[in-house]
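Chemist: The following block contains a protein sequence and its predicted model.
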Amino acid sequence: MTDERRTIRLFDKEERNCYHCPRGHVAWFPIKDEFHCTRCTLNGEDVTRFDELTDSDTGETIARDDVELLTAFGPYREVSSMSLGGDGVYGTHSTPSEQDE
């Protein structure tokens, strides 16, 4: 495990593919405080969620807390029902222009 914080640009496929789940798959994505691997799910693996990624080049494992994930719009953060207007459904809360009126 490394002590330095890593930044992974989720929108950069080449960069994202430099990291894999414990079973070697690159089909991972973040959820809450961990990662999930869709390939592990499709393969029927018992464990599909994990809290570390492995750097494919160095073999180092990087804990979820030591990874900063960036989207094309800025830092990744988990979408919650609070950020969706409280009911968990997009488009059911007022838009900024409606709030200003």
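Modeler: Right, received. Where do you want to start? Residues are numbered from 1 along each chain as shown.
Chemist: got the phi/psi numbers for the residue positioned nearest the centre of the chain?
Modeler: The centroid of the chain falls nearest to Pro30 when counting by Cα atoms, centre = their mean (2.2 Å). Main-chain dihedrals, Pro30, degrees, to the nearest 10: phi -80, psi 140.
Chemist: Apart from its chain neighbours, what residue comes closest to it?
Modeler: Nearest residue to Pro30, sequence neighbours excluded (Cβ to Cβ, 6 or more residues apart in numbering): Leu69, at 5.7 Å. In short, each C-beta sits where N, CA and C put it, glycine included.
Chemist: so how far is Arg77 from Arg6?
Modeler: 17 Å (Cβ to Cβ, to the nearest Å).
Chemist: the more surrounded of these two?
Modeler: Counted by other Cβ atoms under 10 Å, Arg6 and Arg77 do not tie: Arg6 has more neighbours, with 16 against 10.
Chemist: got a list of what the nearest residue to His36 once chain neighbours are set aside touches?
Modeler: Nearest residue to His36 in three dimensions, chain neighbours excluded: Arg49, at 5.2 Å (Cβ to Cβ, 6+ apart). The contact partners of Arg49, taken as Cβ atoms under 8 Å, 6 or more residues apart in numbering, are Ile31, Glu34, Phe35, His36, Cys37.
Chemist: what's across from the last one in the sheet?
Modeler: For Cys37, the beta-bridge partners under DSSP bridges are Trp28.
Chemist: And the pLDDT at it?
Modeler: Looking at Cys37, its pLDDT reads 96.
Chemist: State the distance from it to Leu70.
Modeler: 20 Å.
Chemist: Likewise for the third one?
Modeler: Between Phe35 and Leu70 the computed distance is 15 Å (Cβ to Cβ).
Chemist: who has more neighbours, those two?
Modeler: Phe35 (21 against 15).
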